[in-house]
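K.L.:
What would the 3D arrangement of this be:
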Amino acid sequence: MKTIKVDLRGDFSEAIQEAVAVLKLGGVIVYPTDTLYGLGANALEIGPVERIFKIKQRSKSKPLPIAVRNINWAKELAFIYKKEEKILEAAWPGAVTVVLPKRNIVPDILTAGQRSVAMRIPNSLFIDELLGKFGYPITSTSANISDELPSFKISEIIERFENSEYKPDLVIDAGDLKQSEPSTVLDLTTDKPKILRIGPSKPETLLKLLEI
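P.N.:
This next block holds a predicted model:
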């Protein structure tokens, strides 16, 4: 497990290049998001997704969320109509994960066999550039062992995985993150939008989304 340090306010092109190289080989990375550190792998390949489940010690009955770069990417992965697109344009980029009916390109292992997929566009220049260079969506589950609380301290994350049987290949160390809740989860698979989890989004923002 290799660790490289980055300054998110500076030039992180070398870190992007190294992360993309790992992802292209089917590897797994720990990367900073606008909420928590995430565990990332190619979301459209079965092998890398299986590794995420092993590293996280997560039941395959629980689906994994993904990060996409823009709404065009989202449309390639899920069925999105005009009403849903208006909601997505209001919610993204940001800490709102949206559950949508999935297309067949999304592997069933990622969604635990469900016909929906959870995705978001993080409010992060680093992730935008990472996805742009890699060209595929990546998993966006928190970088912790299942049923354990996520940490905002990168040293704790590194130590936890170093002591695990299954490890990520690369850790992108952007320092300790500001404490934040996991993203809000909004379900758009039914006629009426439903909030499944309230995260850092302001209540008034969520109400506006539901009124669209």
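
K.L.:
Please verify my assumption that Phe134 contacts Ala21.
P.N.:
No - at 9.6 Å, Phe134 does not count as touching Ala21 under the criterion of Cβ atoms under 8 Å. Quick note: C-beta positions are derived from backbone N, CA and C, even for glycine.

K.L.:
Report how many residues lie close to Glu85.
P.N.:
For Glu85, the count of nearby residues is 14 (other Cβ atoms under 10 Å).

K.L.:
what do you get for Ile46?
P.N.:
The burial metric for Ile46, expressed as a neighbour count using other Cβ under 10 Å, is 13.

K.L.:
contacting residues for it?
P.N.:
Applying Cβ atoms under 8 Å, 6 or more residues apart in numbering, we find Ile46 in contact with 107, 109.

K.L.:
same check, this time on the one 3 residues further on
P.N.:
Taking Cβ under 8 Å, 6+ apart as the criterion, Val49 is in contact with 41-43, 64, 107, 109-110, 139.

K.L.:
can you give me the helices in this protein?
P.N.:
Listed in chain order, the helices found in the chain under DSSP state H are 13-24, 46-56, 71-77, 82-91, 125-134, 154-162, 203-211.

K.L.:
Out of the ones you listed, flag the one nearest Asp7.
P.N.:
Minimum separation from Asp7 across the helices of the chain (Cβ to Cβ) falls at helix 13-24, 9.4 Å.

K.L.:
which ones are touching the residue most central in space within the chain?
P.N.:
Nearest residue to the geometric centre of the chain (Cα atoms, centre = their mean): Ser140, 1.8 Å. Contacts here follow Cβ under 8 Å, 6+ apart; on that basis Ser140 touches 33, 38, 40, 64-67, 97, 119-120, 122.

K.L.:
For this structure, give me the ranges with low pLDDT.
P.N.:
Counting by pLDDT under 70, the ranges of the chain that qualify are 197-212.

K.L.:
do you know how far Ala67 is from Ser155?
P.N.:
The span separating Ala67 from Ser155 equals 24 Å under the rule Cβ to Cβ, to the nearest Å.
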